[in-house]
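Engineer: structure for the following, please:
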Amino acid sequence: MKKIGILNQEISAVIAGMGHMDTVVIADAGLPIPDETQRIDLALTGGVPGFLETLLVVLEELQVEKAIIAEEMVNTSPEMYKPAQEILKEVPIVKVSHEEFKLQTRSARAVIRTGEFTPYANIILVAGVVF
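Structural biologist: Numbering: from 1, shown residues only. The predicted model follows:
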C-alpha cells in the first residue's frame with residue numbers, strides 16, 4: 001500500500017505521466033467535462049472534497065509552471081481566488097474567459113471533479129519541469 005502522497009490511483013498515474021506543458025484541471029462539481037477528456041470524479045457530496053484542499057494535495061506532487069483560471073472567478077468567488085493565489089505562491093496565474101477556459105479543458109490530460117459548489121472554482125495547472 002502506498003503510504004505517502006496522492007493515494008488516488010488515477011490522479012497519481014496522470015501526474016506521473018505528465019510532461020512539460022501538459023495540463024490537468026481541478027474542477028468544481030458543475031464544470032462540464034468534455035467527452036474526450038478523462039474524468040476523475042472525487043465528488044462525494046456538496047463541498048467534499050473541496051477545491052482548495054484538492055489543489056493543495058495535487059501541488060504536493062505536480063511541478064506547476066503556470067495556472068489558468070476563468071477571469072470570472074476573481075470577482076464572483078474571491079473566497080476561492082485569494083487562497084488559491086496564496087497556495088500557488090510565485091506561480092503565474094493567467095486569466096481567460098470562462099468560455100475559453102472550457103475550451104482549454106478539452107486538451108487536458110484529465111479533469112479532477114471535486115464536490116465544490118462555489119461558482120468558477122476551477123483551475124488548469126500547466127506542468128513545469130523540476131530541472
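
Engineer: which non-adjacent residue is nearest E65?
Structural biologist: Among residues not flanking E65 along the chain, G128 sits closest, at 3.3 Å (Cβ to Cβ, 6 or more residues apart in numbering). Placement of C-beta: from N, CA and C, glycine included.

Engineer: what about that neighbour, distance to P92?
Structural biologist: 11 Å (Cβ to Cβ, to the nearest Å).

Engineer: quick one: which of those two has more around it?
Structural biologist: The neighbour count for G128 versus P92, taken as other Cβ atoms under 10 Å, is higher for G128 (15 against 11).

Engineer: for the more buried one, grab phi and psi.
Structural biologist: phi -100, psi -160 (degrees, to the nearest 10).

Engineer: got a list of contacts for stretch 110-120?
Structural biologist: 10-11, 14, 24-31, 33, 37-51, 54, 58, 69-70, 72-73, 76-77, 79-80, 98, 105, 121 (Cβ atoms under 8 Å, 6 or more residues apart in numbering).
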